[in-house]
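**Q** A predicted structure for the sequence below; I have some questions about it.
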Amino acid sequence: RDRDRDRDRPGESSGRARGGSARGPPMVRTRGARKNLEAVALALCRGKPLLLEGPAGVGKSATLEEVARLTGNDDFVTLHLDAQTDSKSLLGSYVVGAAPGEFEWRPGALTRAVADGTWVVIEDVDLAPFEVLAALVP
């Protein structure tokens, strides 16, 4: 996977989780933090998508980063959504190819991450337009 190419895409970042590099120091394990880590780990064991909600700054991203680090899944993609996000940037679209009349599929950030088997963290889903939310629901 070409990480340098992916980092240049708006709204997408990748890298290693806390303790692995630039994402920050390891999480301080308070009683509440341990409880949250256990709850997230249990939910992930079920193999289902996970939704963490709460006010900014309460540790949602830090909890996910720590679970990723602890489980060896510390190479994940974070997608930052906002009002300008469109479904094509997440899922992909056909683009004009090299030959006249030729079109080729260019996968979006979410499609690439899923195809690579990479964990995906979607930030600020509440800021995304309805069209994007509708495209994300199976």
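**A** On my side now, so go ahead. Residues are numbered from 1 along each chain as shown.

**Q** give the other helices and strands that the longest helix along the chain contacts.
**A** Using DSSP state H to define each element, the chain has its longest helix at helix 31-45. Secondary-structure packing of helix 31-45 (3 or more Cβ pairs under 8 Å, 6 or more residues apart in numbering; DSSP states H and E): helix 60-70. Quick note: C-beta positions are derived from backbone N, CA and C, even for glycine.

**Q** quick one on the thing from earlier: buried residues in the longest helix of the chain?
**A** The neighbour-count criterion (16 or more other Cβ atoms under 10 Å) identifies 36-37, 40, 44 as the buried residues of helix 31-45.

**Q** dump those residues to JSON lines, plus pLDDT and distance to residue 115.
**A** Listed next are the buried residues of helix 31-45 as JSON lines, based on pLDDT from 0 to 100; distance: Cβ to Cβ, whole Å:
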{"residue": "36", "pLDDT": "85", "distance to residue 115": "30"}
{"residue": "37", "pLDDT": "87", "distance to residue 115": "28"}
{"residue": "40", "pLDDT": "86", "distance to residue 115": "24"}
{"residue": "44", "pLDDT": "84", "distance to residue 115": "20"}
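
**Q** with distance to residue 137 added, can I get these in TSV?
**A** As requested, those are arranged in TSV below (distance: Cβ to Cβ, whole Å):
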residue	distance to residue 137
36	26
37	28
40	22
44	20
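
**Q** hang on, isn't residue 136 packed against residue 81?
**A** No - between residue 136 and residue 81 there is no contact under Cβ atoms under 8 Å: 9.5 Å.
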